[in-house]
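Structure here, sequence nowhere to be found:
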Ligand SMILES: [Fe+2]
């Protein structure tokens, strides 16, 4: 198997190697699926040429969603889907002016409405590509929230599929970790604290708990955290079973109290 890169910031290289790993391990994979892996790489190049921040954001969310999905016990097929879907979840942003995506300060109502159109635009583009994994739900639902406050449909709870619920948590976490034109980075612990405030209200509690347990060793250093995620990403594709300790913790959380 490929070795993971030493440089924790080289997520583009890691993502390419993960996709090549998927191509090389073709067990049960159709020709359409193998071809689509190349299409995803092409989309990634287009995204990075348009707005490097969005491309890097998608790459980090993809590897984080992959590792988090493994903690949650997703099947190998679902893990591949969640990784590829996260890698293109903001595809529709190529239709939004770059200046608006990176605008410092508050957005007007009209500007927010324009940015929100990246969801239906991404769905429309992907519909024509017809992906052989169910990526549409990730693009369509990654801004939905459990309490119905999300967009574009205002879906609630279980009507939001598990893959987009994973990507939603990783999307928020990655954005909070990073510096943006309108606020400073919160770091891993600060981002986790924010997620916990939304856990079970707008964001899936199991996914937040999985991310929290994933970060238990590297809360103090954002660089070390991403290095750990990079190391675990290959393991997630080659051995999808979740860690036994996380399975036990999750089972305990969902146990029905006696009496
Ligand atoms: Fe988005």
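Yes, it's here. All figures in this text were calculated on a predicted structure; none of them were measured in a lab.

Now do the strands in this structure.
Using DSSP state E, no strands are assigned anywhere in the chain.

Okay, now the unreliable bits of the stretch 101-250 of the chain?
The model of the stretch 101-250 of the chain has pLDDT under 70 over residues 181-182, 240-250.

let's go with 50 and repeat that
Along the stretch 101-250 of the chain, the parts satisfying pLDDT under 50 run over 245.

residues touching residue 160, list them.
Listed by CB atoms under 8 Å, 6 or more residues apart in numbering, the contact set of residue 160 reads 141, 144, 146, 168. For the C-beta atoms, the positions are set from N, CA and C on the backbone; glycine is no exception.

Isn't the first one up against residue 155?
Yes: using CB atoms under 8 Å as the test, residue 141 is close enough to residue 155 to be in contact (6.4 Å).

of these two, who's got more company?
Using other CB atoms under 10 Å as the criterion, residue 141 and residue 155 rank with residue 141 on top: 25 against 19.

Name all residues that make contact with the closest residue to the more buried one other than its chain neighbours.
Computed as CB to CB, 6 or more residues apart in numbering, the closest residue to residue 141 that is not its neighbour in sequence is residue 164, at 3.6 Å. Residue 164 makes contact with 85, 137-138, 140-142, 144, according to CB under 8 Å, 6+ apart.

can you check residue 208 too?
Counting by CB under 8 Å, 6+ apart, residue 208 makes contact with 169, 195-196, 198-200.

Only whichever of these are buried, select them in PyMOL.
In PyMOL, a selection of the buried entries from the contacts of residue 208 looks like this (16 or more other CB atoms under 10 Å):
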select buried, resi 169+195+198+199
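
Show me which of the contacts of residue 208 is closest to residue 62.
Of all the contacts of residue 208, the one sitting nearest residue 62 is residue 169; the distance, using CB to CB, is 13.4 Å.
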